[in-house]
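**Student:** got a predicted model here, sequence first, then my questions.
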Amino acid sequence: MNLIILRRRIANGVALCLSAMATLFGLFWLVWILWTTVSKGAAALKPRLFTQMTPPPGSDGGLLNAFYGSFVMIVMAVALATPVGVLAAIWLAEFARGNRIGAVIRFINDILLSAPSIVIGLFVYELVVRPQGHFSGYAGALALAIILLPVIVRTSDEALRLVPAPMREAGLALGLPHWRVTSKVLMRAASAGIITGLLLGIARISGETAPLLFTALNNQYWSADPKAPLANVPVVIFQYALSPYDRWQSLAWAGALVVTVFVLLLGIAARLLFKQRSTR
Amino acid sequence: MSATDDVRPFARVLTRASEMRARRLESGAAGDRIFKLLTGAMAYLVLILLAAAAFSMFWGGRLAFSTFGWKFLYSAQWDPVARQFGALVPIYGTVVSSFIAIALAVPMSFGIAIFLTEIAPGWLRGPIGTAIELLAAIPSIIYGMWGLFVFVPFMSLHVEPWLNDKLGPSPIIGPLFTGPPIGIGMLTAGIILGIMILPFITAVMRDVFMAVPDALRESAVSLGATTWETVGRVSLPYTRTAVVGAIFLGLGRALGETMAVTFVLGNAHEFTKSLLMPGNSIAAAIANEFTEADSPIYLSSLIALGFLLFIVTFIVLAGAKILLLRIGRLEGERA
């Protein structure tokens, strides 16, 4: 009898030890990857990163045009995906609760959320780049917007559904039309959740590389014209990292550090916002 | 503030007809109809996007499908010069690297989920949960760079020579572990993919373990079950469907992951059994070769690859969603 209990206790101890080790194992990779990015990136971080253009092989330069291009494309993607996504979420949360087509759209949206981003790039290539005959910043922004859209739909839908029903009923009882209740009352109550989703979405698209390879491509020179190929940080990192030139590789590390810090800061901001809302 | 306040001053200056229209809008009927139509159209746009994406890739790949037929799926010949394209090597690489990723990530995620729900004291759960989620926030290109510059040399110096020595001579699995220890290849890609999908599987497992009703777990504990027995015989059977759903979700992510594997796979088109030799995957082949595709059939073959990837990930992710929905409904009924 005692032997059986002992065996069970030992099995328990071993299993719990293993799960603690699994956790350490997971954290180990995080620390390793972040440490590599910080140490290699910090060594290459110089003020000219933000003031000079991407250089030809063998000379010094910065990533100014890439930062600018990424910024422009992210802003365009947000401007495109936010209204569409929020309106779609309003329909799901207000008009399609518990009905079949609403469930189908949520289902498809969740699949789009995890769909491979490279496939979205191919889609935009077929849709925009091939008919136009050239790569462009607009195409890159559209690809990013399609990746951002499901994130916004999902988080806005959840935030709107969390708004207590009495708020909605109070507005309607005053005789307000549904659209005014939504825009004046519900949107305000759900705004923290929607902004959280937007921040997470921006974090996701600012590191996306694969869909930009066939849409925005890259541009070695300063270009503010979104109708032409547009430089952007992820593709520059990709090309420079795989190049044989030391200076290009160190620029790639500097870019990688900036992108990682930006993405993690956005993630932390989103988390703080979420916490503030849920404790209130 | 009531809604009429900000409309009245405008309405006063408007003509009679438009005043009435403004009132009607204000009273809601027309405004609400437009509102419902507009938001509904945007929601349907999500459906249209998915269908359009599938169709556009099928359309782009039709030349490859009509030229090679089913041979496209099982031919290992990928020759841009002879314009012969078969997708066996990329398909094989995608499947094998995803399988390695799942084999690594599932037990790890299970352990972390147990740690977070059963072992860790309350104050530690938040920070460790967040840290694991950070793994999902790191852009995949960072994984790729780290993989190429740090992890590949590590594998080539420390892990692969050992695998060559210990496992290379074994009878059945031996051929998997022979070959020059260059670090680049399916094994390295699979491990990196495993780390990348770990946070997704962990998050779902942790959430479903948390959702096991306390009464069930307490009854097991009251019968004298250890923590491990409670997890293995109560929590896990109760959440089985959702756990499988979580694994499918991870698999869907692993299949389509592009940048990280592009860096470390080596873009080879020769078929090889060894996990230590350079290989390829669907996503990596598209990323590497798309801008170099110089003939319509080459381009079409790459888009056809994208179509295959899209269909397969769609099926896997839909399966994951269905499995996860079922547990949600179960909880809803019991709550």
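**Tutor:** Yep, that arrived.

**Student:** residue A:6: how many residues sit nearby?
**Tutor:** Residue A:6: 10 surrounding residues under other C-beta atoms under 10 Å in any protein chain shown. C-beta: built from backbone N, CA, C; applies to glycine.

**Student:** what about the residue sitting nearest the centre point of chain B, which helix or strand?
**Tutor:** Centroid-nearest residue in chain B: residue B:253, 1.3 Å away (criterion: C-alpha atoms, centre = their mean). Using DSSP states H and E, the element containing residue B:253 is helix B:240-256.

**Student:** list the buried residues in that helix.
**Tutor:** B:241-243, B:245-256 (16 or more other C-beta atoms under 10 Å in any protein chain shown).

**Student:** out of these, which touch chain A?
**Tutor:** When the buried residues of helix B:240-256 are checked against chain A using C-beta under 8 Å from any C-beta of the partner chain, the ones in range are B:249, B:252-253, B:255-256.

**Student:** quick check: mean pLDDT of stretch A:159-178?
**Tutor:** The predicted model assigns stretch A:159-178 a mean pLDDT of 88.

**Student:** how far is it from where the chain is centred?
**Tutor:** 31 Å (C-alpha atoms, centre = their mean, to the nearest Å).

**Student:** chain B: strands as residue ranges?
**Tutor:** B:78-79, B:84-85 (DSSP state E).

**Student:** give me whichever of these is most buried.
**Tutor:** strand B:84-85 (a mean of 19; mean count of other C-beta atoms under 10 Å in any protein chain shown).

**Student:** what is the rounded mean pLDDT of it?
**Tutor:** 84.

**Student:** okay, now the sheet partners of it, with direction.
**Tutor:** strand B:78-79 (antiparallel) (DSSP bridges).

**Student:** now for the helix holding residue B:253, which elements pack on it?
**Tutor:** The elements that helix B:240-256 packs onto, with contact taken as 3 or more C-beta pairs under 8 Å, 6 or more residues apart in numbering or on different chains; DSSP states H and E, are helix A:100-114, helix A:117-124, helix B:88-114, helix B:186-210, helix B:296-334.

**Student:** mind checking which of those is nearest residue A:54?
**Tutor:** helix A:117-124 (21.4 Å; C-beta to C-beta).

**Student:** contacting residues around the closest residue to chain A within the stretch 151-300 of chain B?
**Tutor:** As assessed by C-beta to the nearest C-beta, chain A sits closest to residue B:256 within the stretch 151-300 of chain B, at 2.4 Å. Going by C-beta atoms under 8 Å, 6 or more residues apart in numbering or on different chains, residue B:256 touches A:115-119, B:283, B:309, B:313.

**Student:** 7 Å - rerun?
**Tutor:** Going by C-beta atoms under 7 Å, 6 or more residues apart in numbering or on different chains, residue B:256 touches A:115-116, A:118-119, B:283, B:309, B:313.

**Student:** and for residue B:111?
**Tutor:** With C-beta under 7 Å, 6+ apart, residue B:111 has these contacts: A:18-19, A:22-23.

**Student:** closest to chain B out of the residues you listed?
**Tutor:** residue A:22 (2.7 Å).

**Student:** checking that closest one next. Helix, strand or coil?
**Tutor:** helix (DSSP: H, G, I helix; E, B strand; the rest coil).

**Student:** and the closest residue in space to it that isn't next to it in sequence, what's its pLDDT?
**Tutor:** The spatially closest residue to residue A:22, leaving aside those adjacent along the chain, is residue B:111, at 2.7 Å (C-beta to C-beta, 6 or more residues apart in numbering or on different chains). Looking at residue B:111, its pLDDT reads 93.

**Student:** cool, and the one 10 residues further on?
**Tutor:** In this prediction, residue B:121 carries a pLDDT score of 86.

**Student:** now swap in residue B:330 and tell me
**Tutor:** pLDDT, read off for residue B:330, is 53.

**Student:** which positions in the stretch 51-200 of chain A make contact with chain B?
**Tutor:** A:84, A:87-88, A:90-92, A:95, A:105, A:107-112, A:114-120, A:122-123, A:126-127, A:146, A:153, A:176-180, A:184 (C-beta under 7 Å from any C-beta of the partner chain).

**Student:** select only the buried ones of the residues you listed in ChimeraX?
**Tutor:** Filtering these down to the buried ones (16+ other C-beta under 10 Å) takes a single ChimeraX command:
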select /A:84,87,88,90,91,92,95,105,107,108,109,110,111,112,114,115,116,117,118,119,120,122,123,126,127,146,153,176,177,178,179,180
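
**Student:** pretty sure residue A:222 sits against residue A:67.
**Tutor:** No - the criterion here is C-beta atoms under 7 Å, and residue A:222 misses it with residue A:67 at 11.4 Å.

**Student:** with neighbour numbers in mind, choose between those two.
**Tutor:** Higher neighbour count among residue A:222 and residue A:67: residue A:67, with 19 against 12, using other C-beta under 10 Å.

**Student:** find the nearest non-adjacent residue to residue B:190, please.
**Tutor:** Using C-beta to C-beta, 6+ apart, the closest residue to residue B:190 is residue B:100 (2.6 Å).

**Student:** any idea how far stretch B:285-304 is from the middle of the chain?
**Tutor:** 23 Å.

**Student:** I'd like the average pLDDT over it.
**Tutor:** Mean predicted confidence for stretch B:285-304 is 87.

**Student:** and that stretch, what's buried?
**Tutor:** B:285-290, B:293, B:297-304.

**Student:** that one near chain A at all?
**Tutor:** Yes - contact of stretch B:285-304 with chain A (C-beta under 7 Å from any C-beta) involves B:286-287, B:290-291, B:303.

**Student:** which strands and helices sit next to the helix or strand hosting residue A:26?
**Tutor:** Mapping residue A:26 onto the secondary structure by DSSP H and E places it in helix A:2-44. In this structure, helix A:2-44 packs against helix A:246-279, helix B:88-114, helix B:122-137, helix B:140-146, helix B:227-230, with contacts taken as 3 or more C-beta pairs under 7 Å, 6 or more residues apart in numbering or on different chains; DSSP states H and E.

**Student:** so which of those gets nearest residue B:178?
**Tutor:** helix B:88-114 (15.6 Å).

**Student:** list the buried ones in the closest one?
**Tutor:** In helix B:88-114, counting by 16+ other C-beta under 10 Å, buried: B:88-94, B:96-98, B:100-102, B:104-106, B:108-114.

**Student:** having no further points to raise, I will conclude here.
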